[in-house]
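**Q** Take this sequence and fold it.
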Amino acid sequence: MEKISARNPWAWIPTLYFAQGLPYVAVMTLSVIMYKRLGISNTDIALYTGWLYLPWVIKPVWSPFIDIISTKRRWTLMMQWTLAASLAGIAFTIPTEMFFQLTLAVFWIVGFTSATHDIAADGFYMLALTGHQQSFYVGIRSTFYRIATVAGQGALVILAGSIETCTGDIPFAWSVAFGVLSVFFLMVSLYHGWALPRPVADSARDSSRSAHDVFREFVDTFRSFFRKKQIWAAVAFMLLYRLPEAQLVKLINPFLLDPVSEGGLGLSTKVVGFVYGTIGIIGLTSGGIVGGIMAARGGLRRWLKPMAWSMSLTCLTFVYLSYATEPSLLTINICVFVEQFGYGFGFTAYMLYLIYFSEGRHRTAHYSICTGFMALGMMLPGMAAGWLQETIGYRYFFIWTIVCCAATIGVCSILKIAPDFGLKKRGTE
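**A** Next up, the predicted model:
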């Protein structure tokens with residue numbers, strides 16, 4: 001049997017996927033909270049930050065070249081260094097008069113760099129681990145990815161909120177938060193230079209190949225993807241499984257921050273960060289780990305529908321909060337725990353199916369195409385979510401997301417999955 005990796009996966013999977021999640025949360029979540037605190041409307045926030053999904057949507061266009069040129073390890077490290085510099089750029093442009101235009105421009109750079117990092121890191125994951133290891137660690141990787149999103153909403157938002165309280169200077173507070181994020185990427189780049197293994201499968205490509213050869217393989221990658229069995233059922237799953245979340249995610253933080261008179265909960269920036277940085281992490285970690293264990297023991301096909309049902313918990317908690325009269329902080333914490341546990345458990349099935357559908361030749365590029373469809377499914381509904389919420393209000397908006405859960409459950413019914421996928425086989429580690 002070929003030796004996959006000499007490095008213990010625990011030495012690099014948690015940090016790699018934590019680092020993969022942070023720039024995404026910076027672009028999609030921190031930007032929302034920051035713009036809300038700086039006075040931008042919900043409609044503009046959802047529309048313009050929704051456009052920032054585009055790098056993840058179109059990343060399959062350049063993913064085959066990453067699969068062909070150089071190694072996944074080298075690409076991963078280069079993108080982490082670039083992210084460190086780009087995040088510093090955001091920190092310096094926040095205090096300027098044209099902060100909205102300038103920060104959006106730099107967020108685009110972060111988005112394209114982060115999308116390229118996703119391609120390389122996900123490909124590296126599949127090359128450095130055996131099939132059963134991929135199944136076992138999918139819960140771990142998705143958990144640390146989501147921990148990064150919660151840590152972004154937690155520790156960094158608490159930091160920004162604390163500085164806001166102490167100084168009253170909101171732009172300065174968010175400049176410090178993004179400066180800290182930049183320093184983190186500088187440190188993680190150095191660490192991964194040592195920690196990432198060097199699997200034999202991740203060898204450098206033949207630099208003597210012509211541009212015609214590269215283009216031909218590029219076309220072959222897309223052709224082979226769209227010739228896969230059940231392609232349209234898979235695409236429908238990728239686009240619709242997260243339909244409720246795609247709309248909800250853009251309005252969660254505005255809902256928590258908006259005053260009660262506008263239908264929100266009226267929480268401070270610091271409290272929002274605290275809730276998601278403590279209770280949220282516990283719920284998410286529990287859900288992701290339990291999801292990974294269940295998938296490894298029972299297989300993806302057995303757990304797909306239960307995990308899909310758990311995704312609806314996210315919407316139900318916010319319907320309840322929108323109707324509750326001055327809910328206590330304890331109640332909010334319980335709802336956040338349920339939301340994060342349900343999402344962590346349900347998202348495991350989504351990530352595992354992307355791995356399953358990407359198996360075969362060009363699996364790195366095919367996985368990237370899958371995540372491109374996933375991003376498109378988040379981008380289009382999310383762009384209109386702010387306008388819809390300001391039109392019908394928070395209560396009816398959250399009820400609408402419950403209606404959309406029918407799509408999540410429905411697309412799971414049309415998939416055909418091998419019963420043994422994800423199960424540990426004899427003779428494997």
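**Q** Tell me who's in contact with Val27.
**A** By Cβ atoms under 8 Å, 6 or more residues apart in numbering, the residues touching Val27 are 49, 52, 107, 110-111, 114. C-betas here are computed from N, CA, C, even on glycine.
**Q** 6 Å instead?
**A** By Cβ atoms under 6 Å, 6 or more residues apart in numbering, Val27 lies in contact with 52, 107, 110-111.
**Q** ok now the helix or strand hosting Tyr320, how far from the chain's centre?
**A** Per DSSP states H and E: Tyr320 is located in helix 300-323. Here helix 300-323 is found 18 Å from its chain centre; the criterion is Cα atoms, centre = their mean, to the nearest Å.
**Q** Please apply the same query to stretch 183-192.
**A** The answer for stretch 183-192 is 20 Å, by Cα atoms, centre = their mean.
**Q** neighbours around Tyr320, how many?
**A** Per other Cβ atoms under 10 Å, the neighbour tally for Tyr320 reads 15.
**Q** For Phe357, see how far away the closest residue to Asp420 other than its chain neighbours is.
**A** With sequence-adjacent residues excluded and distances taken as Cβ to Cβ, 6 or more residues apart in numbering, Asp420 is closest to Gly299, at 6.2 Å. As judged by Cβ to Cβ, to the nearest Å, Gly299 and Phe357 stand 15 Å apart.
**Q** Looking at the two, which one has more neighbours?
**A** Phe357 (25 against 20).
**Q** what's in contact with stretch 359-377?
**A** Identification of contacts with stretch 359-377 by Cβ under 6 Å, 6+ apart yields 53, 56-57, 59-60, 63-64, 67, 119, 122-123, 126, 221, 225, 235, 238-239, 242, 354, 358.
**Q** re earlier: any idea of the pLDDT on the residue nearest to Asp420?
**A** In this model, Gly299 is scored at 82, pLDDT.
**Q** buried sites along stretch 260-271?
**A** By 16 or more other Cβ atoms under 10 Å, the buried positions in stretch 260-271 come out as 263-265, 267, 269-271.
**Q** Which members of these are positioned in strands?
**A** Among the buried residues of stretch 260-271, no member falls in strands (DSSP state E).
**Q** tell me which of these is nearest to Ala160?
**A** Within those, the smallest distance to Ala160 is 6.3 Å, found for Thr269 (Cβ to Cβ).
**Q** quick revisit: which one among the contacts of Val27 gets closest to Leu256?
**A** Out of the contacts of Val27, the member with the shortest distance to Leu256 (by Cβ to Cβ) is Leu52, at 20.9 Å.
**Q** Could you report the neighbour count for that closest one?
**A** Leu52 has 20 neighbours, counted by other Cβ under 10 Å.
**Q** and it, what is it in contact with?
**A** Here Leu52 is in contact with 27, 107, 111 (Cβ under 6 Å, 6+ apart).
**Q** how about 7 Å then?
**A** Counting by Cβ atoms under 7 Å, 6 or more residues apart in numbering, Leu52 makes contact with 27-28, 107-108, 111.
**Q** Likewise for Leu415?
**A** Applying Cβ under 7 Å, 6+ apart, one finds that Leu415 lies in contact with 230, 233, 237.
**Q** quick one: average confidence on stretch 390-397?
**A** pLDDT averaged over stretch 390-397 gives 94.
**Q** chain center to it: distance?
**A** Put simply, stretch 390-397 sits 25 Å off its chain's centre (Cα atoms, centre = their mean).
**Q** which residue ranges form the helices in the stretch 101-250 of the chain?
**A** Using DSSP state H, counting those that start in this stretch, the helices of the stretch 101-250 of the chain run over residues 131-151, 157-167, 170-195, 211-225, 231-240, 243-248.
**Q** out of those helices, nearest to Ile399?
**A** helix 243-248 (11.1 Å).
**Q** Which secondary structure elements does that closest one sit against?
**A** On a contact count with 3 or more Cβ pairs under 7 Å, 6 or more residues apart in numbering; DSSP states H and E, helix 243-248 meets helix 300-323, helix 363-412.
**Q** Swap in 6 Å and give it another go.
**A** On a contact count with 3 or more Cβ pairs under 6 Å, 6 or more residues apart in numbering; DSSP states H and E, helix 243-248 meets helix 363-412.
**Q** Next, count neighbours for Trp10.
**A** 10.
**Q** same question, Leu376
**A** Leu376: 19 neighbours (other Cβ under 10 Å).
**Q** quick one on the thing from earlier: identify whichever of the helices of the stretch 101-250 of the chain lies nearest to Phe347.
**A** Nearest to Phe347, of all the helices of the stretch 101-250 of the chain, is helix 131-151, at 5.8 Å by Cβ to Cβ.
**Q** Off-centre distance for the closest one?
**A** Remark: helix 131-151 is offset 11 Å from the chain centroid, using Cα atoms, centre = their mean.
**Q** Ok, stretch 15-24 next?
**A** Mean-position distance between stretch 15-24 and its chain equals 9 Å (Cα atoms, centre = their mean).
**Q** How about residues contacting it?
**A** Stretch 15-24 is contacted by residues 83, 110, 114, 121, 141, 144-145, 148-149, 188 when judged by Cβ under 6 Å, 6+ apart.
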